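prediction below, plus the sequence it came from.
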Amino acid sequence: LAKTTQPISMDSYEGQEVNITCSHNNIATNDYITWYQQFPSQGPRFIIQGYKTKVTNEVASLFIPADRKSSTLSLPRVSLSDTAVYYCLVGGQGNLIFGKGTKLSVKP
Amino acid sequence: DSGVTQTPKHLITATGQRVTLRCSPRSGDLSVYWYQQSLDQGLQFLIQYYNGEERAKGNILERFSAQQFPDLHSELNLSSLELGDSALYFCASSERTTYNEQFFGPGTRLTVL
């Protein structure tokens, strides 16, 4: 089973780009990588999903190298409202493994 | 609002008791997932149902069981409760499989005294 590792916390300032990396050395061939955002007392919310290379949507980009053993969530120009916990999720058919989460604090 | 509803919002019970948590998925979603979130273990996948059938099993204890009914709502049953079962329990739903985006409910906070 894939085990995921993320930094426990990160600090940033408004307007900066933030990159959060997740390691998943044992990722299986049919596993996808998904990132979620969670605010206190709320359920996680989907940000982005990918399998390999680069995926971009209106809120984030996801970079996955060829070996797929890690992934990087990129948040462009963060604001105070991006202060939250960010989780990477690795899985497909079968078990779903969440990382422990990265607490992002955005300061003015 | 994700469209996923969970009841009750809070539940306080005693050790040894049994409780049932209920989840209604988003309209049209066939898959339901259950997760446990605690401070020390983080978010742990428990079990997934797809259109009434068990599809995948994670770190679910034998004291826990779940089912998905014909109307697609799901229930998570927790029995012989222990202090360590105190946690936030989330239900999520997706259109089809685990490859789809999951929509999480607001959670049920279970406190075992």
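On my side now, so go ahead. Since the model is a prediction, treat every value here as computed from it, not as a measurement. Numbers count the residues shown, from 1 in each chain, chains lettered A, B, ... in the order given.

pLDDT value on the residue in chain A that chain B sits nearest to, please?
Closest contact between chain A and chain B, by C-beta to the nearest C-beta, is at residue A:43 (3.0 Å). Heads up, the C-betas are built off the backbone N, CA and C, glycines and all. In the prediction, the pLDDT value recorded for residue A:43 is 94.

got a list of what it touches?
Going by C-beta atoms under 8 Å, 6 or more residues apart in numbering or on different chains, residue A:43 touches B:2, B:4, B:90, B:92, B:104-107.

the residues you listed in strands, which ones?
Assigned to strands by DSSP state E, the following of the contacts of residue A:43 qualify: B:90, B:92, B:104.

tell me which residues form a beta bridge with the residue sitting nearest the centre point of chain B?
Residue closest to the mean C-alpha point of chain B, counted by C-alpha atoms, centre = their mean, is residue B:34 at 3.2 Å. In this entry, residue B:34 is beta-bridged to residue B:47, residue B:91, by DSSP bridges.

give me every residue that touches it.
Residue B:34 neighbours (C-beta under 8 Å, 6+ apart): B:23, B:45-48, B:60, B:66, B:74, B:76, B:89-91.

same deal with residue B:21?
Residue B:21 makes contact with B:6-8, B:11, B:75-78, B:89, B:91, B:108, B:110, according to C-beta under 8 Å, 6+ apart.

mind listing what's buried in the helix or strand hosting it?
Following DSSP states H and E, one finds residue B:21 within strand B:19-24. Applying a neighbour-count criterion of 16 or more other C-beta atoms under 10 Å in any protein chain shown, the buried positions in strand B:19-24 are B:19, B:21, B:23-24.

before we move on, what about stretch A:58-77?
For stretch A:58-77, using 16+ other C-beta under 10 Å, the buried residues are A:60-64, A:68, A:70-75.

likewise for stretch B:43-61?
So, applying 16+ other C-beta under 10 Å, buried residues of stretch B:43-61: B:43-50, B:55-56, B:58, B:60.

how far away is residue A:97 from residue B:44?
Per C-beta to C-beta, to the nearest Å, residue A:97 is found 9 Å from residue B:44.

filter the ones in strands among the contacts of residue A:43 to the buried ones?
Counted by 16+ other C-beta under 10 Å, these give B:90, B:92, B:104 as buried.

so which of the ones in strands among the contacts of residue A:43 reach chain A?
By C-beta under 8 Å from any C-beta of the partner chain, the members of the ones in strands among the contacts of residue A:43 lying near chain A are B:90, B:92, B:104.

okay, and residue A:10 sits in which element?
strand A:9-13.

is chain B contacted by that strand?
No. Counting by C-beta under 8 Å from any C-beta, chain B is not contacted by strand A:9-13; separation bottoms out at 14.0 Å.

got the contact list for that strand?
Residues outside strand A:9-13 that contact it (C-beta under 8 Å, 6+ apart): A:18, A:20, A:78, A:102-108.

parallel or antiparallel, list what pairs with the strand holding residue B:21.
When DSSP bridges is applied, strand B:19-24 pairs with strand B:5-7 (antiparallel), strand B:74-78 (antiparallel).
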